[in-house]
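J.: Need coordinates for the following:
(one chain, ligands or ions: 2)
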Amino acid sequence: MTHSIPYDAAIKNLLWTNPWLQLPNAFYQSVQPTPLDNAYFIHCNTHTAELLGLSTEQLQNEATLRFFNGQQLPPAVQPTASVYAGHQFGIFTSQLGDGRVLSLGETLGKDNQRYEIQLKGAGLTPYSRTLDGRCPLGSAIREYLGSEALAGLNIPTSRALCLLGSETKVQREHLTTGALLVRMARSHIRFGHFEYFHHKGDFENVKNLTLFVIEQHFPELLNEPTELRPLRLLEAIVERTARLIADWQSEGFTHGVINTDNMSVLGDTLDYGPFGFMETYHPEFSANTSDDLGRYQFDQQPEIGRWNCLALAEAISSLLPSRTIPAQLLRLYRQHYHQHYLQRLRLKLGLSTPHPDDAKLVEALLITLQQGNIDYALFFRQLAHFVNVQEKNPALYGLTSDPAKLTHWLTLYQDRLSLETISSQERQKRMNQVNPCYVLRSHLLKQSITAAEQGDLTGFYRLLTVLQNPFEEQSGMDFYTQPHTPKFAY
Ligand code: AMP
Ligand code: MG
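T.: Ligands and ions are numbered 1, 2, ... in the order given. You can find the predicted model right below:
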């Protein structure tokens, strides 16, 4: 892909194939998008455009607008909606599917990854059930900001490519406008795709999907003996899932709906419904107001990730050599989860070498954060300035309602730092590269959505700017560092 391609051809040339078309017909249906009325660009994401080798001009032009709005799709582009199933809140639903999403095709990014491009909100599909196939502007902004926030924190996720507004009306709690999110991910294959075929007893298509995923995304497994490949694939997915959830836990991200139909086989974060970043540290933080039993609350996420891996193991069981595998997988999941979580926390604490007591130090920290009602993100950011316990850094102590408990933990931290060899300047520098000053706080997200619905997009643009570069303090953006909860007088 070079920038010499004419604007209107750039996007067409980009999509070389639709991956779903390589699978049997049972996996998808061909669907044409239903254009929105008077669509217009709200935003084009230079970060993801660049990843695809596109300039902003190549993306933000009339021809591309008509392309994404489904008004001018060349015959070579054959959009599809795929079918999947899923365990939702632990209960199996035998058929779901892309009800408001179409896949256009895939391309190769500059990072040598495949990227599948999807339209969200392009109208009805055979899997829309009684719903309308549309995406309200507010939901599109939620996903746009959520996915870019996680990408900014180096957490694997689907990405936003661009956002279209329109004059199409969409009925939700109130009448709102329809938007179209153009998003991309290395793949949108979910655990639920495997579950759909397994629970129908269609083991041939479980096998087809397994081979497809291996060939497309885990080609290194082709070196394994044929009969062991499904097991190796499962192990690789378990590892990625454990790592992803460890990433979420270390940044205070709560997904809100970790149903198996929202779980990517590549370990990317998919589906930005009722997610939330924790502000004040609380393990029972929930981002989903309809999750009465707390199934998907913050501290349950590691366990739910494991549960979902077992559901996937069941869905692939027809290809596995033995029934004892789940026990093996559980161990594998726990091991990867703990390893990755601890490693990420070490970096956040500025610890450059492992020490056997680090897990205890982290455990003590989480209790201290909870007891002192401390803002999770701000704490790590301020901790970089820690010098010694005697100094009583006012910015750090201003975050806690329980200074004595904080002093106790800082004493442990100080002892631990004495085992390190890097200078405090170097530690501070490294900590500021991994601890964000900006996270997507729910009140900021809400404000930007409310304003956007009233036609004011400045909040959305500003928030996006800080989230895409969350480790660097940006002038005039102090507002976006502020927690919803008040600071404590020290
Ligand atoms: P989600 O809660 O986003 O994971 O969606 C669950 C299922 O409902 C998926 O199969 C979606 O495709 C479908 N769905 C959600 N909203 C809509 C909508 N507005 N129109 C059609 N299908 C939808
Ligand atoms: Mg979903």
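
J.: low-confidence ranges in the protein?
T.: Using pLDDT under 70 as the threshold, the predicted model of the chain has low-confidence ranges 1-9, 12, 323, 486-490.

J.: Quick check: residues of it near ligand 2?
T.: For the chain, the contact set with ligand 2 under Cβ under 5 Å from the ion comprises 262, 271. C-beta coordinates here come from the backbone N, C-alpha and C atoms, glycine included.

J.: domains for the protein, by residue range?
T.: As recorded under automatic domain parsing, the domains making up the chain are 7-188, 204-344, 353-490.

J.: Which among the ones you listed is found nearest to ligand 1?
T.: Among the domains of the chain, domain 7-188 comes nearest to ligand 1, with 2.3 Å by Cβ to the nearest ligand atom.

J.: before we move on, the earlier item: please produce TSV containing the domains of the chain, extended by mean neighbour count.
T.: Rendered in TSV, the data for the domains of the chain read as follows (neighbours: other Cβ atoms under 10 Å):
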stretch	mean neighbour count
domain 7-188	19
domain 204-344	19
domain 353-490	16
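
J.: Make TSV from those and add distance to residue 194 to it.
T.: Converted to TSV, those look like this (distance: least, Cβ to Cβ, whole Å):
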stretch	distance to residue 194
domain 7-188	9
domain 204-344	4
domain 353-490	31
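
J.: between those, which one is nearest to residue 196?
T.: With Cβ to Cβ as the criterion, residue 196 lies closest to domain 7-188 of the domains of the chain, at 3.9 Å.

J.: Pick out the residue of this protein closest to ligand 2.
T.: The nearest approach of the chain to ligand 2 comes at residue 271, 4.0 Å away (Cβ to the ion).

J.: follow-up on the earlier one: using TSV, please lay out the domains of the chain together with distance to ligand 1.
T.: Putting those into TSV (distance: least, Cβ to the nearest ligand atom, whole Å) gives the following:
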stretch	distance to ligand 1
domain 7-188	2
domain 204-344	5
domain 353-490	17
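
J.: my guess is residue 116 contacts residue 102, does it?
T.: No - taking contact to mean Cβ atoms under 8 Å, the distance of 11.0 Å between residue 116 and residue 102 leaves them out of contact.

J.: Return the list of strands paired to the longest strand out of those in the chain, each annotated with direction.
T.: Taking residue count as the measure and DSSP state E as the definition, the longest strand of the chain comes out as strand 175-185. Listed by DSSP bridges, the sheet partners of strand 175-185 and their directions read strand 114-120 (antiparallel), strand 135-136 (antiparallel), strand 159-165 (antiparallel), strand 169-171 (antiparallel).

J.: Next SSE downstream of that strand?
T.: Remark: after strand 175-185, the chain's next helix or strand is helix 191-200, criterion DSSP states H and E.

J.: what comes up buried for that following helix?
T.: Of the residues in helix 191-200, those scored as buried under the neighbour-count criterion (16 or more other Cβ atoms under 10 Å) are 191, 192, 193, 194, 195, 196, 197, 198, 199.

J.: Show me what that helix is in contact with.
T.: With contacts defined as Cβ atoms under 8 Å, 6 or more residues apart in numbering, helix 191-200 is touched by 26-27, 82-87, 92, 94-96, 203, 205-206, 209-210, 259-263, 265, 308, 311-312, 314-318.

J.: now, which of those lie within helices?
T.: Those of the contacts of helix 191-200 mapping onto helices are 203, 205, 206, 209, 210, 308, 311, 312, 314, 315, 316, per DSSP state H.

J.: residues contacting the fourth one?
T.: Neighbour list for residue 209: 23, 27, 189, 193, 194, 197 [criterion: Cβ under 8 Å, 6+ apart].

J.: picking up where we left off before, would you turn the ones in helices among the contacts of helix 191-200 into CSV with distance to residue 441?
T.: Formatted as CSV, those follow (distance: Cβ to Cβ, whole Å):
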residue, distance to residue 441
203, 46
205, 43
206, 42
209, 39
210, 40
308, 27
311, 32
312, 33
314, 38
315, 37
316, 39
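
J.: And those residues, which is closest to residue 433?
T.: Closest to residue 433 out of these is residue 308 (31.4 Å), distances taken as Cβ to Cβ.

J.: tell me the contacts of the closest one?
T.: With contacts defined as Cβ under 8 Å, 6+ apart, the neighbours of residue 308 are 87, 191, 241, 258, 260, 263.

J.: biggest separation within these, which pair?
T.: Using Cβ to Cβ, those reach their maximum pairwise distance at 87 and 241, which is 14.2 Å.

J.: measure residue 215 to residue 22 for me?
T.: Taken as Cβ to Cβ, to the nearest Å, the spacing of residue 215 relative to residue 22 amounts to 9 Å.

J.: no no, residue 433
T.: Using Cβ to Cβ, we find residue 433 at a distance of 40 Å from residue 22.

J.: same thing with residue 213?
T.: From residue 213 over to residue 22 the distance is 12 Å, taken as Cβ to Cβ.

J.: next one: residue 201
T.: Counting by Cβ to Cβ, the gap between residue 201 and residue 22 amounts to 23 Å.

J.: Next: residue 357.
T.: Between residue 357 and residue 22 the distance is 51 Å, computed by Cβ to Cβ.

J.: Now the strand or helix carrying residue 427 - C-alpha only, CSV.
T.: Assigned by DSSP H and E, residue 427 belongs to helix 424-434. What follows is helix 424-434, C-alpha atoms only, in CSV (Å, rounded to 0.1, in the frame of the first residue of the first chain):
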residue,chain,number,x,y,z
SER,A,424,15.5,6.8,41.5
GLN,A,425,15.6,9.0,38.4
GLU,A,426,15.7,5.9,36.2
ARG,A,427,12.9,4.3,38.2
GLN,A,428,10.7,7.4,37.9
LYS,A,429,11.3,7.6,34.1
ARG,A,430,10.4,3.9,33.7
MET,A,431,7.3,4.2,35.9
ASN,A,432,6.0,7.2,33.9
GLN,A,433,6.3,5.1,30.8
VAL,A,434,3.8,2.5,32.1
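
J.: now it, how far from the chain's geometric center?
T.: The gap between where helix 424-434 is centred and where its chain is centred comes out at 26 Å by Cα atoms, centre = their mean, to the nearest Å.

J.: Contacts for it next, please.
T.: Contacts to helix 424-434, defined as Cβ under 8 Å, 6+ apart, come from residues 347-350, 352, 380-381, 383-385, 387, 417, 420, 422, 471.
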